[in-house]
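J.: Okay, structure incoming, though there's no sequence with it:
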Ligand code: HEM
């Protein structure tokens with residue numbers, strides 16, 4: 001049998017201990033030449049709050065990226081440029097900017113190209129390269145041995161001058177050992193959002209070594225070793241799930257949706273957020289290409305085509321870009337298909353691979369979704385490593401959906417790892433072969449007892465898949481709470497904290513004007529308002545509902561409010577004081593350009609978009625179901641029936657997660 005080309009983690013910038021995370025990211029670029037960038041990052045939150053980030057950015061020189069010396073320096077530069085660029089484009093309560101100035105666009109594009117990325121914020125920037133340890137000898141974890149958690153009541157001996165004191169650290173599972181290097185909003189919620197994901201990468205790291213070792217164990221037919229690697233992966237998956245739900249502890253869904261998420265949006269499918277064509281990278285897409293002396297002749301293009309050529313479109317940051325989850329999917333043979341394509345993993349029915357292609361007409365598939373039109377990917381040689389599929393059936397899984405597209409947003413070496421892993425990962429095929437043997441044995445003896453190790457392997461394979469499916473269950477619940485519920489409820493302070501129209505401008509728009517405080521320069525506030533809103537019906541008597549925003553009964557088309565209530569004593573500095581007398585969230589969304597991706601949505605709407613532009617609920621639920629489909633069934637029984645029942649209780653209708661999402 002030809003030797004398998006099993007990837008070595010180190011060849012792909014993957015650490016055997018920390019996985020896709022570097023041992024420790026660089027905290028600051030060491031060359032003083034890059035201080036102008038670092039200084040703006042130091043002031044980022046303050047500048048955004050003051051509405052002066054763009055002003056400061058425009059004063060930056062166009063720095064040369066050839067002075068960056070190492071991969072870690074490039075990674076730090078990329079994070080810095082993501083922070084400045086997304087801050088600059090989305091602003092804070094400002095009209096979105098569709099041009100990125102050359103001082104950011106040029107170096108960002110160069111650094112991104114070096115790292116194999118697109119110049120847009122991504123999981124690698126804000127999660128993999130955006131943390132540091134608080135105690136250098138502690139773990140990269142949200143549970144710190146130093147602070148307790150797993151070390152109940154640990155005693156520390158600390159020396160104070162000549163006195164040695166014993167300090168008892170009280171155990172609490174809430175102690176953590178990591179913090180972020182930077183955030184857009186300056187909020188602890190944003191830090192926590194990234195840190196939970198960083199910790200997930202850390203607890204998932206041992207599974208990467210186990211994945212490559214398991215593939216090796218299969219090639220050596222070493223079942224004992226294979227079982228041990230499966231156990232490592234199972235352990236990682238359990239920790240991953242336990243870490244994942246800690247998101248609820250310190251990341252408030254409201255803050256996430258209204259204050260954090262807008263910064264993570266990209267410029268694809270973002271017409272509603274104010275970028276209908278994408279973003280112009282000033283100084284990057286010129287007619288002349290300096291390096292090659294190439295002149296792009298555009299004379300054959302229409303004026304409209306030339307206009308559109310100026311813009312670039314990229315999806316925004318999402319943990320869908322986590323190489324860890326992709327690696328697990330590849331290893332277990334989880335197949336993802338275009339959203340709406342309900343094909344099953346045919347193995348469970350007839351032990352063949354799926355053979356249907358996307359050419360078949362399927363009314364559920366959105367043909368206009370570019371993620372549904374990607375080329376098919378290769379899959380591993382099943383079993384024989386001879387490029388011939390197992391059982392002679394054609395391996396034609398077509399992983400051409402959003403999840404596949406997200407690989408374009410991973411660092412080049414990590415993406416290559418996934419590609420190479422796909423070529424050698426024969427685990428599923430092997431497990432199918434074991435399942436066939438088990439079935440034959442059961443047919444013969446009425447049980448599969450002749451090889452308990454084989455039964456155990458099949459069991460743990462399914463149990464791991466069950467954990468992965470649980471992760472996706474919990475994820476769907478989390479997305480409901482953090483996105484869908486927030487969008488439906490609308491901003492909970494009068495105007496989401498955004499500047500609102502006053503005086504003449506407001507009356508033009510039939511918006512009740514707030515009274516500015518005496519010292520306020522009204523022209524600055526009105527300058528923010530641009531799109532006209534549909535006329536609204538005359539006002540009725542206000543209805544106050546405690547701290548809730550007045551929810552008017554919709555009349556007429558859409559969900560435009562039937563009335564707006566005049567604030568009697570408006571105080572724009574403390575808008576909470578006029579909560580019950582403010583315009584409805586729906587109207588606010590329409591009158592303000594500055595909400596970006598944060599929008600209230602019709603509660604009856606069924607389409608909610610992710611930062612990557614997916615119709616997120618059908619997409620995420622399908623992804624979860626596809627994980628379940630990969631389980632191996634023998635004679636109609638899942639090999640892990642017991643686990644399934646227990647898990648379903650946890651993720652089912654009466655679980656605490658469900659309670660949370662109903663709040
Ligand atoms: C507040 C927490 C979170 C929210 C609101 C959230 C939201 C979303 C959304 C909207 C998508 C759809 C894709 C898009 O359009 O961007 C998505 C996909 C995804 N997210 Fe999250 N996410 C959260 C946390 C996480 C964490 C901590 C992970 C861990 C790695 C994660 C992993 C994924 C993965 C792997 C996908 C791709 C779909 C799949 O494989 O099932 N998410 N997420």
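T.: Perfect, I can see it now. Keep in mind it's a predicted model, so treat the numbers as computed, not measured.

J.: what residues does the stretch 301-450 of the chain put near the ligand?
T.: When proximity is defined as C-beta under 6 Å from any ligand atom, the stretch 301-450 of the chain approaches the ligand at 318-320, 322, 325, 403. (C-beta placed from N, C-alpha, C; glycine too.)

J.: wait, which of the residues you listed is closest to residue 17?
T.: Checking those against residue 17 with C-beta to C-beta, the nearest one is residue 322 at 17.8 Å.

J.: so where do the strands sit in the protein?
T.: 99-100, 131-133, 155-160, 163-168, 178-180, 279-281, 288-289, 294-295, 311-312, 633-634, 637-638 (DSSP state E).

J.: what about the helices in the stretch 301-450 of the chain?
T.: 303-309, 323-332, 347-350, 402-405, 412-424, 427-445 (DSSP state H, counting those that start in this stretch).

J.: for the ligand, what are the nearby residues on the stretch 151-300 of the chain?
T.: Contact residues (C-beta under 6 Å from any ligand atom) of the stretch 151-300 of the chain with the ligand: 196-197, 200, 244, 247, 256.

J.: With neighbour count and pLDDT added, can I get the residues you listed in JSON lines?
T.: Shown next, in JSON lines, are those (neighbours: other C-beta atoms under 10 Å; pLDDT from 0 to 100):
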{"residue": "196", "neighbour count": "22", "pLDDT": "98"}
{"residue": "197", "neighbour count": "22", "pLDDT": "98"}
{"residue": "200", "neighbour count": "26", "pLDDT": "98"}
{"residue": "244", "neighbour count": "20", "pLDDT": "97"}
{"residue": "247", "neighbour count": "22", "pLDDT": "97"}
{"residue": "256", "neighbour count": "24", "pLDDT": "96"}
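
J.: Quick check: the farthest pair among these?
T.: Greatest spacing in those, by C-beta to C-beta: 200 and 256 (16.3 Å).

J.: can you give me the helices in the stretch 1-150 of the chain?
T.: Using DSSP H, counting those that start in this stretch, the helices of the stretch 1-150 of the chain run over 35-42, 44-50, 53-58, 71-90, 102-115, 123.

J.: likewise the stretch 151-300 of the chain?
T.: 188-219, 223-244, 247-250, 253-255, 261-264.

J.: follow-up on the earlier one: where among the strands of the chain is the average confidence lowest?
T.: Note on these: strand 155-160 shows the lowest mean pLDDT, a mean of 47.

J.: Between the residues of the stretch 301-450 of the chain next to the ligand, which sits nearest residue 128?
T.: Nearest to residue 128 out of those is residue 322 (C-beta to C-beta; 8.9 Å).

J.: any idea how far the residue lying closest to residue 622 once chain neighbours are set aside lies from residue 623?
T.: Distance criterion C-beta to C-beta, 6 or more residues apart in numbering; nearest residue to residue 622, sequence neighbours excluded, is residue 339 at 5.8 Å. With the distance defined as C-beta to C-beta, to the nearest Å, residue 339 ends up 9 Å from residue 623.

J.: Next, count neighbours for residue 59.
T.: 9 (other C-beta atoms under 10 Å).

J.: cool, residue 305 as well?
T.: Using other C-beta under 10 Å, residue 305 is surrounded by 10 other residues.

J.: what stretches of the stretch 501-650 of the chain score poorly on pLDDT?
T.: Low-confidence segments of the stretch 501-650 of the chain, defined by pLDDT under 70, span residues 501-614, 635-650.

J.: export the residues of the stretch 301-450 of the chain next to the ligand to a markdown table and tack on pLDDT?
T.: What follows is these, written out as a markdown table (pLDDT from 0 to 100):
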| residue | pLDDT |
| --- | --- |
| 318 | 94 |
| 319 | 96 |
| 320 | 95 |
| 322 | 98 |
| 325 | 98 |
| 403 | 90 |
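
J.: could you dump the residues you listed to TSV with distance to residue 422 and neighbour count?
T.: Output for those, formatted as TSV (distance: C-beta to C-beta, whole Å; neighbours: other C-beta atoms under 10 Å):
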residue	distance to residue 422	neighbour count
318	21	22
319	20	20
320	17	22
322	16	22
325	14	24
403	13	23
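
J.: What is the nearest of the residues you listed to residue 23?
T.: Proximity of these to residue 23 (C-beta to C-beta) peaks at residue 322, which lies at 18.6 Å.

J.: and the gap between the closest residue to that closest one other than its chain neighbours and residue 411?
T.: Leaving aside its sequence neighbours, residue 322 sits nearest to residue 123 (C-beta to C-beta, 6+ apart; 5.5 Å). The spacing between residue 123 and residue 411, counted by C-beta to C-beta, is 10 Å.

J.: next one: residue 188
T.: From residue 188 across to residue 411, the span is 27 Å (C-beta to C-beta).
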